[in-house]
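>>> please work out how this folds:
(chains A, B, C, D, E and F)
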Amino acid sequence: MSIKKSPIIENLRKMQMIELLSKEKRLDGRSLTDFRPITIKVGVIQKSNGSAEVSIGNTKVVAGVKIETGTPFPDTPNQGLLVVNAEFLPFSSALIEPGPPDEDAIEVSRVVDRGIRESQMIDLNALVIEPGKLVYCVFVDISILNMDGNIFDAAFLSAVSALLTTTFEKKIVKGDGEIEFQKCKLPTRCIPISVTSIIIGDNILIDPNEEEESVQDSRLTLTFNDEGNLCAGQKGGSMGISREQLFKIVELSKAKAEELRSFVKKVIENAQI
Amino acid sequence: MSIKKSPIIENLRKMQMIELLSKEKRLDGRSLTDFRPITIKVGVIQKSNGSAEVSIGNTKVVAGVKIETGTPFPDTPNQGLLVVNAEFLPFSSALIEPGPPDEDAIEVSRVVDRGIRESQMIDLNALVIEPGKLVYCVFVDISILNMDGNIFDAAFLSAVSALLTTTFEKKIVKGDGEIEFQKCKLPTRCIPISVTSIIIGDNILIDPNEEEESVQDSRLTLTFNDEGNLCAGQKGGSMGISREQLFKIVELSKAKAEELRSFVKKVIENAQI
Amino acid sequence: MSIKKSPIIENLRKMQMIELLSKEKRLDGRSLTDFRPITIKVGVIQKSNGSAEVSIGNTKVVAGVKIETGTPFPDTPNQGLLVVNAEFLPFSSALIEPGPPDEDAIEVSRVVDRGIRESQMIDLNALVIEPGKLVYCVFVDISILNMDGNIFDAAFLSAVSALLTTTFEKKIVKGDGEIEFQKCKLPTRCIPISVTSIIIGDNILIDPNEEEESVQDSRLTLTFNDEGNLCAGQKGGSMGISREQLFKIVELSKAKAEELRSFVKKVIENAQI
Amino acid sequence: MGKLIDENGIRLDGRRWDELRPIKIEIGVIKNADGSAYIEFGKNKIIAAVYGPREAHPKHLALPDKAIVRCRYHMAPFSTEERKSPQPSRREIEISLVLRRAMESVIFLEEYPRSIIDVFVEVLQSDGGSRCASITAVSAALADSGISMKDLIVGCAVGKIDGQIVLDLNDLEDKEGEGDMPVAYMPNLDKIVLLQFDGIFSEEEFKKAIDLAILGNKKVYEILKKALIEKYFGTVDEK
Amino acid sequence: MGKLIDENGIRLDGRRWDELRPIKIEIGVIKNADGSAYIEFGKNKIIAAVYGPREAHPKHLALPDKAIVRCRYHMAPFSTEERKSPQPSRREIEISLVLRRAMESVIFLEEYPRSIIDVFVEVLQSDGGSRCASITAVSAALADSGISMKDLIVGCAVGKIDGQIVLDLNDLEDKEGEGDMPVAYMPNLDKIVLLQFDGIFSEEEFKKAIDLAILGNKKVYEILKKALIEKYFGTVDEK
Amino acid sequence: MGKLIDENGIRLDGRRWDELRPIKIEIGVIKNADGSAYIEFGKNKIIAAVYGPREAHPKHLALPDKAIVRCRYHMAPFSTEERKSPQPSRREIEISLVLRRAMESVIFLEEYPRSIIDVFVEVLQSDGGSRCASITAVSAALADSGISMKDLIVGCAVGKIDGQIVLDLNDLEDKEGEGDMPVAYMPNLDKIVLLQFDGIFSEEEFKKAIDLAILGNKKVYEILKKALIEKYFGTVDEK
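Numbers count the residues shown, from 1 in each chain, chains lettered A, B, ... in the order given. Have a look, this model is predicted:
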């Protein structure tokens, strides 16, 4: 996908965008640091262990969690497994071709994976059935339904929301050796939040839409844990970024992550899993 | 294969075909419900457990059966396995490219598989060595050698004839725990038969050749068991079919299946496996 | 790669080459039976169990050996495993495309594999941990860094040199059941050597460079064991070869293999593994 | 009295023999697509979307006299009881093929020479009859895209459970029953455009099944029509 | 006395050291192909067929001054003792390559610029020496297709069993023996076009093996010639 | 006192917090390539080579106004503790992507319309920080190829071990430490062109890490400059 010709944005439109940016405004009327409207619906896929459909503006993704049993890695016998997989569904954009995940889908998977893993959101140690032999494996599959920029944050939000509402049948071996299955919530410890910005010239735009991304210089996705510490980051785009811009983005994103976390908390509380 | 340009049939030839059809005749002189000459040779591949080469006119296929041991599916611990696989060999037609099975090969595999499975031709319950652990796996591999229409029936006939003449070394555990291998016939219960017709305009043609298929409106493959009941069906072609045509095809095919079954029976009896 | 247009050698150059050949000379000044300068560096990849970088003129390859445990083949329960794999790195030539091994890479792998296997260089019977269950698996991976003809001999030399300097941690079960790991040399029994020649017209050229290969009639790779017996061979090129040429090549190659073996021996002795 | 139908002729999920599961259709759910639709059919949750007609690419695929239809039917990894591998299975490839054929039967392909029409189906949650639900969604998405069609297509399976021919099998009935027969239908042209079945049907049962499928499909058609009218002309009801 | 040759010099299947297994060649077995042949060589049962010369597709493959040859050697899943996976193995890919090279040595490629000649080999049942049997079948198929060739090619292996050089190893001899050497040969041009071997051969043994292979190949050539003449000019014998 | 840094502030391999591992750069190691370089960076041993600008093939990939960069980062099967499968892993695909982006930021792409620049990286032995070492090698290879660039790019990771921000993690520190942050940098333009990180960093730690990375990168830059000058202008030292 990446080396295809990018859709031509009419020059006029671009000039207009840049002129507006000089007044700290965006074509869709937002301020530079505004997110578009976000909706999160959890529990949309009853056959999954947890699920969430997330929209950020016209960007729309759905994540489903499946919990199955598997063999732990030899070097982490006391940890459950986490597998994150993202797919750009072929109808999500006119530019996507069906096929195995390309580099962009793999990047989304890996950035989401690192944010969840490094924040230690999931207590993987609590997902062991028999050390070294049998553990729970948490599959997070993210289907991107419609692309309009900022896929990273939409994917991350959907994964986090799905995980926060995940339940599964846990195998309990009782004292007398009897086996019982008990419905449990997935053990989570925090709500990591990712915030993506782009740079166009000297301007920092949070939550870029596709039109904005098409003229971006750089992109930066930062993930924060509950304490406001950074836990993962990924630069995109094909231009350099200065130290000063970088630090400014960190500050802006940190504040934004707080806002988003409160929103997610409210959604999850209302969901009453 | 399917989305390639179909070979252009000269318009004249097609008009001639349709004119003849109005007189209930076909270009090769057959009546609308005649099969082309069929030959079945069984036991052609000595290294297989069962095999058959089938020609219907110029269409030619060979099927080989291999019986190996494997693990049953978790939800059917008391059943052996059936795996059907068809390949259009690249020399079977000028239009075939070498490569992994395309959608047409997969359709043939799955239609043959359903006909055999749904008719309960093979007694899968008799193919268990150790319930839930070890069963016999029946591989039916169908190689299409030359294409001249009606691949479905040729493939089905070859699979059925190969299975009817399949023998294997069965592991017998005797009372005293001793293990013995005993040559057995594959336990079969009936002779399912598929019959394929196409519709061109108002005409129903049984056993179409490639030229006829190239102008077909619809195709229908119906599989019948020994009692004359339908056990599997598959519509092909890119035109609709009316309820009345459908019912007429069922009647015609049912009669045809009886004829073919008698023929297969005779071949198998003569083969004296 | 093979069915691509071969790089056009200017006709003049080719005529010059053939004229020189008639005087038993080559464009780079060598006699017909000379190898280009050969360098062998062993122990270049510390993380591997054995490694060697080999240059023959501008042709450069590196081989790394990894020893891991695995399951033996059912029909050779008392033998360790040997797996040889070659890759033309995409920077080795302007004509290589990244991707899974093509037929040329597979040919190199298989020719090297046969030479090592048939000479019985590795004592596979000494690589069994538990018969039928657990054995050592010797992976020989050959990365071709730069192509300038005679890949076969460079690959073979690198594989053999890497194997001759391979050590691994062997699991020793002591009398009292205690397990100990002991650093061992890979058990080898001989130094097989391959020699590749090409035929251009009536001339036999040993160790062809790429320019010479591009006008070759035939290629022949012969592998010899310590006793001077042939143990594997592979003809390449798209022209026939006469019985007499063939016998002459065998004689020439046999002598050449002796020379190379002495050279390898010296390198290995100096390496003091 | 069977295990799937009780003595009053009521199925395990409370339906009678000729009743459909609840169906909900929403048009225009994928903003970027040229046409799209979402269907809930029992527990099936399926999105279909259409791109095209657009220039064939690579060009050698193009036909000089008509459009090519490409179709991908795909199941999300979380759509099934056990996680499904994202790689397309043989089942998904076969369904892609039969859906494509059905679409070819209804689109005026000659109106779009040298073009490609891409049809993508994603099953977010699967239940019995997912290919029938898919075809209905695809037909809605095609209508939404404005591509010329001879008719709409609707889909609905019939089957045999406890020896009886019934409409629209759910997952359990499909698994435990004696036969399943997905049928897709053009209601105005009165033609069957998709037909597959497995299980044992006598000739009489087969005919009965086909007639019931047509009946069911006509009901689905009413629901589809209503959804399209709502989308394009609005209605009294809140959606 | 060895285990593969008895004290009278007779091999386990009753042959002497310089005897071929029974060979049967049939020309024109695949109706759609431009040329085809079927060979039985011992227990080998192999079909080879040729399409072309035809326009290269995709076009960038084409060479301006000669034809390209493509070759696929493939084994049917039921052709071996254990079922073979239908995916091409490394062995099949290598044999495809050496067969292609042999064909390139014998076809007048310059007569067919910008074209492709496709050669497909399917092994329905495999036995020792299948690549040699294949090359003979391919050569027959090429002759049947009318493509211009400098000569025919025939193939026949030699090997070493119980320390002795013998002609045409069967499966068991190949497996239990000390060396195998498939050789393909142009009988009129007296050139070797395919040569591979593994196993231990002294220089003398090697030379003896080559001479025996040439002898064997001349016998195969007689059989191939007879089959072609039968096909094209008819004979007294019933086929 | 932590497990990775002792009471004197010395790391397990003897380095202080702001010290790089030994670096060795050699230019022009792959004869056939248009530009190439070999780097040893700690135990990393990496070759990067460039082909191009050359005609885009297939042509539909070409852009009318600038060059396309393709990049493959690949690890040799013997480069890691456990043998690595030769198939590209998701990690290798992601690193290929971020390397490509970094290269796009520094090459004057507009000077090479309709062209492709191919960048190939082979890790012969891997250690911590292999993507940073790779980018330095690629930059050297590009310089060697003569392709127009706005600046050089150098790479160097920082990380957090025993609660402290340190320069240039080795394998063990990467595995046992609390965070890793590969950074690539254009020293003359003073811009960061690659940034990834995982692990927990407070805002202050993050800033400190970035500043340390820039410092480290400036040191790498001096080494790279020296290697290029040595190659192109010779030096007093024997190489």
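
>>> do a quick rundown of the strands in the stretch 1-150 of chain A.
Applying DSSP state E, counting those that start in this stretch to the stretch 1-150 of chain A gives strands spanning A:38-42, A:50-56, A:59-70, A:81-88, A:128-130, A:134-146.

>>> residues touching residue A:271, list them.
A:42, A:43, A:165 (Cβ atoms under 8 Å, 6 or more residues apart in numbering or on different chains). Just so you know, the C-beta spots here come from the backbone N, C-alpha and C atoms, and that holds for glycine as well.

>>> what about chain D: which of those touch it?
When Cβ under 8 Å from any Cβ of the partner chain is applied, no member of these is adjacent to chain D.

>>> chain D: which of these is nearest?
residue A:43 (11.7 Å; Cβ to the nearest Cβ).

>>> measure that closest one to chain C for me?
Distance of residue A:43 to chain C, given as Cβ to the nearest Cβ, to the nearest Å: 42 Å.

>>> and that residue, what are its phi and psi?
Backbone dihedrals for residue A:43, given as degrees, to the nearest 10, come out at phi 70, psi 30.

>>> pLDDT at it, what is it?
pLDDT recorded at residue A:43 is 96.

>>> ok, now which ones touch it?
Counted by Cβ under 8 Å, 6+ apart, residue A:43 has contacts A:50, A:51, A:52, A:165, A:271, A:273.

>>> 7 Å - rerun?
A:51, A:165, A:271 (Cβ atoms under 7 Å, 6 or more residues apart in numbering or on different chains).

>>> pick the one among the contacts of residue A:271 closest to chain F.
Nearest to chain F among the contacts of residue A:271 is residue A:165, at 25.1 Å by Cβ to the nearest Cβ.

>>> low pLDDT regions in the chain?
You didn't say which chain, so I picked chain A. Scanning chain A for pLDDT under 70 picks out A:1-11, A:272-273.

>>> hmm, I had chain D in mind actually
D:1, D:235-239.

>>> again, 90 this time
For chain D, the stretches flagged by pLDDT under 90 are D:1-3, D:55-62, D:232-239.

>>> ok, which stretches of the chain are helices?
With no chain named, the answer covers chain A. A:11-22, A:103-118, A:151-164, A:210-213, A:243-271 (DSSP state H).

>>> not quite, I wanted chain D
D:90-106, D:130-145, D:171-176, D:203-233.

>>> ranking those by burial, who's on top?
Most buried of the helices of chain D, by mean neighbour count (mean count of other Cβ atoms under 10 Å in any protein chain shown): helix D:130-145, with a mean of 28.

>>> roughly how far is that helix from the heart of the chain?
Computed by Cα atoms, centre = their mean, to the nearest Å, the chain-centroid distance of helix D:130-145 equals 6 Å.

>>> ok, the closest residue to chain E within chain D to residue B:105 distance?
Of all residues in chain D, residue D:60 sits closest to chain E, at 7.7 Å by Cβ to the nearest Cβ. Here residue D:60 is placed at a distance of 22 Å from residue B:105 (Cβ to Cβ, to the nearest Å).

>>> how about residue D:195?
21 Å.

>>> now swap in residue A:88 and tell me
Counting by Cβ to Cβ - residue A:88 and residue B:105 are separated by 28 Å.

>>> name the nearest residue to the residue of the stretch 101-250 of chain A found nearest chain F, sequence neighbours excluded.
Ranked by Cβ to the nearest Cβ, the top residue of the stretch 101-250 of chain A for proximity to chain F is residue A:240, at 2.6 Å. The shortest distance from residue A:240 to any non-neighbouring residue, by Cβ to Cβ, 6 or more residues apart in numbering or on different chains, is to residue F:191 (2.6 Å).

>>> which residues touch that neighbour?
A:240, A:241, A:242.

>>> burial of the second one, as a residue count?
So that's residue A:241. 22 (other Cβ atoms under 10 Å in any protein chain shown).

>>> tell me what it is bridged to.
Under DSSP bridges, the beta-bridge partners of residue A:241 are residue F:192.

>>> quick check: it touching residue F:192?
Yes. Using Cβ atoms under 7 Å, residue A:241 makes contact with residue F:192 at a distance of 5.1 Å.

>>> tell me how many other residues crowd the residue of the stretch 101-250 of chain A closest to chain F.
Neighbours around residue A:240, by other Cβ under 10 Å: 25.

>>> from chain D, which residue is nearest to chain F?
residue D:58 (7.6 Å).

>>> distance check, the residue nearest the centre of chain A against chain B.
By Cα atoms, centre = their mean, chain A has its centre lying nearest to residue A:156, at 1.0 Å. Distance from residue A:156 to chain B, counting by Cβ to the nearest Cβ: 35 Å.

>>> how about that residue: what's its closest non-neighbour residue?
In space, residue A:156 is closest to residue A:194, 4.1 Å off (Cβ to Cβ, 6+ apart).

>>> which residues touch residue 199?
Went with chain A since none was named. So residue A:199 contacts A:216, A:217, A:218, A:241, A:245 (Cβ under 7 Å, 6+ apart).

>>> oops, wrong one, chain D.
B:118, B:231, D:160, D:178, D:179, D:180.
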